[in-house]
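> dropping a prediction and its sequence here:
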Amino acid sequence: MLRHFSTCSTAFRRAPLPPKLSAAHDHRRPPPLHVSDTVIDRKSRFLGHAASVTCLADVAAVIDVLLQDKKIARATHPAIYAYRIGKESGSDDSGESQAGNRLLAMLEQHKAENALVVVTRWYGGSHLGADRFRRINEAGRGALLAAGLI
């Protein structure tokens, strides 16, 4: 089924970077991104991206590039992410409570270093309960494997 969407300029509003990353963002060229296969569960779709990063500016650049994609920016949860750079680590839930912390735990469990994983979720209309975390981790793991980071 073909759907038509309004082209009104207010239909697209880019989400801002979290404060910690905004301060680090210097508009540098982002590192190469690796993408997972789309994970679908009860009409909710999850897509993972991963990159090798060396500083917070790399993290900010990757997230900024992803949020420039209108399809990703319009997602229910556009940038659930976690990163580990040396001894520094962080995460953001993008409105999906505890999802970023679970991605960070996965990075720590796999001992991934200098890694960023970002998962986007498009809500499909059905509540997934705890299964949503499994799907988020599945999409994230797929992207990390594609990037060779785990």
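That came in fine, so what should we check first?
> what are the ranges of the helices in the chain?
Counting by DSSP state H, the chain has helices at residues 19-24, 56-68, 70-73, 99-109, 131-147.
> a markdown table for those helices, including distance to Ile85, mean neighbour count and mean pLDDT?
The C-beta positions use only the backbone N, C-alpha and C, and glycine is treated the same way. Formatted as a markdown table, the helices of the chain follow (distance: least, Cβ to Cβ, whole Å; neighbours: other Cβ atoms under 10 Å; pLDDT from 0 to 100):
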| stretch | distance to Ile85 | mean neighbour count | mean pLDDT |
| --- | --- | --- | --- |
| helix 19-24 | 11 | 14 | 54 |
| helix 56-68 | 7 | 21 | 95 |
| helix 70-73 | 23 | 14 | 96 |
| helix 99-109 | 11 | 19 | 96 |
| helix 131-147 | 15 | 21 | 97 |
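> these into CSV, with extra columns for distance to Val118?
Output for those, formatted as CSV (distance: least, Cβ to Cβ, whole Å):
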stretch, distance to Val118
helix 19-24, 12
helix 56-68, 6
helix 70-73, 9
helix 99-109, 9
helix 131-147, 8
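> name the residues linked to the most centrally placed residue in the chain by a beta bridge.
The chain has Val118 as the residue nearest its centroid, 2.2 Å off, counting by Cα atoms, centre = their mean. Assessed by DSSP bridges, Val118 has beta-bridge partners His49, Tyr81.
> for it, report the pLDDT, please.
According to the prediction, Val118 has pLDDT 98.
> ok, Ala50 touching Asn114?
No - contact criterion Cβ atoms under 8 Å: Ala50 and Asn114 do not qualify, at 11.2 Å.
> the two: which is more packed in?
Neighbour comparison, Ala50 and Asn114: the larger count goes to Ala50, with 32 against 16 (by other Cβ atoms under 10 Å).
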